[in-house]
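S.K.: predicted structure and sequence below. I'll ask about it afterward.
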Amino acid sequence: MWDPQKYLSFSDQRDRPAHDLMARVGAVQARRVVDLGCGAGNLTSLLTDRWPEAAIEATDASPEMVAAAQARGVAARQEDVRDWKPLPDTDVVLCNAVLQWVPEHVELLQRWLPSLPVGAWFAFQVPGNFESPSYATIRELLAQPRWRDRAHGVLRSDSVLSPIGYADALTDLGADVDAWETTYIHALRGPDPVLEWVTGTALRPVRTALDDAEWNEFRAELAPRLAAAYPQRADGTTWFPFRRIFVVANRR
């Protein structure tokens with residue numbers, strides 16, 4: 001279960017990669033533009049603004065996120081990304097921070113790209129922070145006897161390739177590929193900001209595995225560990241480095 005409000009609490013930081021990703025999409029006109037994994041629909045308007053003549057398609061697997069998007073006026077529908085198939089007039093696909101949840105996503109890309117029309121653009125970004133202190137700290141706590149049996153194996157595994165790995169895979173499909181990585185240094189504020197950040201994303205499977213009392217206990221144990229890994233400055237700022245991987249493919 002996704003919590004749209006929790007996820008959007010860091011929207012300024014979470015949305016920036018989508019803007020950077022879209023800046024590299026070269027489509028001047030488009031018949032159909034897809035927001036694949038649209039979340040709460042807060043970025044779908046970027047597509048509407050850039051390609052106002054296009055049919056906009058927005059999908060997400062989470063009913064909570066779809067409801068939040070629909071409340072924004074986005075005509076989103078619930079659909080697992082694994083089941084999505086591009087329509088013949090699909091000229092642009094934006095997939096923002098979605099594919100890391102799907103271990104077999106390279107196979108999906110290998111299925112989707114050849115199904116797109118010549119000249120179509122497929123742009124996606126995924127977090128590349130699985131070796132970060134935040135993930136290492138969460139894994140260490142989950143390995144403790146108290147949590148080992150309650151939430152073993154629920155943390156998302158690292159299925160993300162390197163930029164070169166994606167470039168190789170998509171070039172082999174007949175696409176011109178622009179791939180890169182960026183480490184953003186997010187300035188977070190407030191009490192336990194890194195804990196609040198990971199609560200909205202990485203810890204979602206852990207939350208699902210625990211009851212309310214266990215979840216509160218787990219968060220109470222995790223908070224000081226994350227605070228030690230990401231110390232707060234005297235001015236109240238916590239620096240949170242976050243690596244992301246970007247890929248823009250233009251089908252030849």
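M.R.: Good, I have the coordinates.

S.K.: number of nearby residues for E53?
M.R.: Residues lying near E53 (other Cβ atoms under 10 Å) number 8. Where you see a C-beta, it was placed from the backbone N, CA and C, and this is true even at glycine.

S.K.: confirm Q125 sits in a strand?
M.R.: Yes. Q125: assigned to a strand according to DSSP: H, G, I helix; E, B strand; the rest coil.

S.K.: residue contacts, it?
M.R.: For Q125, the contacting residues are 17-18, 20-21, 95-97, 244-247, taking Cβ atoms under 8 Å, 6 or more residues apart in numbering as the criterion.

S.K.: mind checking how far it is from W239?
M.R.: The span separating Q125 from W239 equals 21 Å under the rule Cβ to Cβ, to the nearest Å.

S.K.: for A40, which non-adjacent residue is closest in space?
M.R.: What sits nearest to A40 in space, not counting adjacent residues and going by Cβ to Cβ, 6 or more residues apart in numbering, is A68, at 4.0 Å.

S.K.: could you report the pLDDT at that neighbour?
M.R.: Listed pLDDT for A68 reads 92.

S.K.: what helix or strand is it located in?
M.R.: Secondary structure assignment for A68, by DSSP states H and E: helix 63-71.

S.K.: show me what that helix is packed against.
M.R.: helix 4-8, strand 55-60, strand 76-78 (3 or more Cβ pairs under 8 Å, 6 or more residues apart in numbering; DSSP states H and E).

S.K.: I'd like the average pLDDT over the second one.
M.R.: So the one you mean is strand 55-60. For strand 55-60, the mean per-residue pLDDT is 97.

S.K.: strands paired with it, and their directions?
M.R.: According to DSSP bridges, strand 55-60 forms sheet pairs with strand 32-36 (parallel), strand 76-78 (parallel).

S.K.: need the helices for the stretch 1-150 of the chain, in chain order.
M.R.: In the stretch 1-150 of the chain, the segments counted as helices under DSSP state H, counting those that start in this stretch are 4-8, 11-22, 44-50, 63-71, 105-112, 133-142, 145-148.

S.K.: and the fifth one, how far from the chain's centre?
M.R.: Read it as helix 105-112. The chain centroid and the centroid of helix 105-112 are separated by 17 Å, computed with Cα atoms, centre = their mean, to the nearest Å.

S.K.: quick one: that helix to strand 32-36, angle?
M.R.: Calculated by axes from the mean of the first three to the mean of the last three Cα atoms, to 10 degrees, helix 105-112 forms an angle of 160 degrees with strand 32-36.

S.K.: can I get the strands paired with strand 55-60 in TSV including distance to P133 and mean pLDDT?
M.R.: Rendered in TSV, the data for those read as follows (distance: least, Cβ to Cβ, whole Å; pLDDT from 0 to 100):
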stretch	distance to P133	mean pLDDT
strand 32-36	30	98
strand 76-78	34	97
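
S.K.: what's the most buried one of the ones you listed?
M.R.: When you average the neighbours per residue for each of those (mean count of other Cβ atoms under 10 Å), strand 32-36 leads with a mean of 24.

S.K.: looking at the strands paired with strand 55-60, spot the one closest to G26.
M.R.: With Cβ to Cβ as the measure, strand 32-36 is the member of these nearest G26 (13.5 Å).

S.K.: for the closest one, give me every contacting residue.
M.R.: So strand 32-36 is contacted by 41, 43-44, 47, 51, 54-59, 81, 84, 86-87, 89-96, 98 (Cβ under 8 Å, 6+ apart).
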